[in-house]
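>>> Here is my input; please provide its structure:
(one chain, ligands or ions: 1)
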Amino acid sequence: MRIASLVIALLLIASPLAAQTQSYDKKKAQRTLKQSKCFNCHSVTREKDGPSFQSVSEKYKDHPDARHVLFDHLTKSPTITVKGKEEAHTSFKTSDTAEINNVVEWILSN
Ligand code: HEC
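Numbering: from 1, shown residues only. Take a look at the predicted model:
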């Protein structure tokens, strides 16, 4: 009986922790980024025409509303400057909110 309650207590403690570390699917995020050709201008570690995802993650590290700001940036095609020319930022080819949120979580994890 005592062991049973101990097991239940451990499960209750462990499950939210497990959920937290599973907040994104890296493979799926990279597939979404490839499909939308994001890697033409971005890399994880290197500055290309766009900032590296590591520097984006660093920039938003202490931002309380990072997820909303990035979601908007990636779905509303804001005007940006690429090679000195103004153009609309490339949005995702998908409009699947869960898929986009997965990418946002992964970008912030870098
Ligand atoms: C034609 C080049 C180009 C493509 C394609 C592109 N980006 Fe960007 N991206 C940029 C540039 C340039 C910036 C910097 C904009 C600025 O800070 O004004 C940027 C900024 C960003 C940022 C940071 C926004 C911020 O608030 O700091 C993220 C995240 C991002 N891009 C993700 C993506 C994703 C995801 C895709 C694919 C759907 C994508 N980009 C496709 C050029 C591109």
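>>> how about the helices in this protein?
For the chain, the helices defined by DSSP state H cover 2-21, 26-35, 53-59, 66-75, 97-109.
>>> could you dump those helices to CSV with mean pLDDT and mean neighbour count?
Bear in mind the C-beta positions are built from the backbone N, C-alpha and C, glycine included. Shown next, in CSV, are the helices of the chain (pLDDT from 0 to 100; neighbours: other Cβ atoms under 10 Å):
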stretch, mean pLDDT, mean neighbour count
helix 2-21, 61, 9
helix 26-35, 97, 15
helix 53-59, 98, 17
helix 66-75, 97, 15
helix 97-109, 97, 17
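>>> Distance to T45 added to these, as CSV?
Shown next, in CSV, are those (distance: least, Cβ to Cβ, whole Å):
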stretch, distance to T45
helix 2-21, 22
helix 26-35, 14
helix 53-59, 6
helix 66-75, 18
helix 97-109, 13
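>>> and A88, which of those helices is closest to it?
Of all these, the one in closest proximity to A88, counting by Cβ to Cβ, is helix 66-75 (11.4 Å).
>>> Around the ligand, pick out the residues from the protein.
Contacts of the chain with the ligand, taken as Cβ under 6 Å from any ligand atom, map to 33, 36-38, 40-42, 49-51, 56, 59, 70, 73-74, 80, 82, 89-92, 103, 107.
>>> and if we set it to 5 Å?
Neighbours of the ligand within the chain, by Cβ under 5 Å from any ligand atom: S36, C38, N40, C41, D49, G50, V56, H73, I80, V82, T90, F92.
>>> any idea how far A4 is from the fourth one?
It refers to C41. Separation of C41 from A4 (Cβ to Cβ, to the nearest Å) stands at 55 Å.
>>> Same question for the third one.
Distance check for N40 against A4: by Cβ to Cβ, it reads 56 Å.
>>> likewise the last one?
When Cβ to Cβ is applied, the distance between F92 and A4 equals 47 Å.
>>> go on, the first one?
Between S36 and A4 the distance, using Cβ to Cβ, works out to 49 Å.
>>> next one: A66
Separation of A66 from A4 (Cβ to Cβ): 42 Å.
>>> Cheers, nothing more for now.
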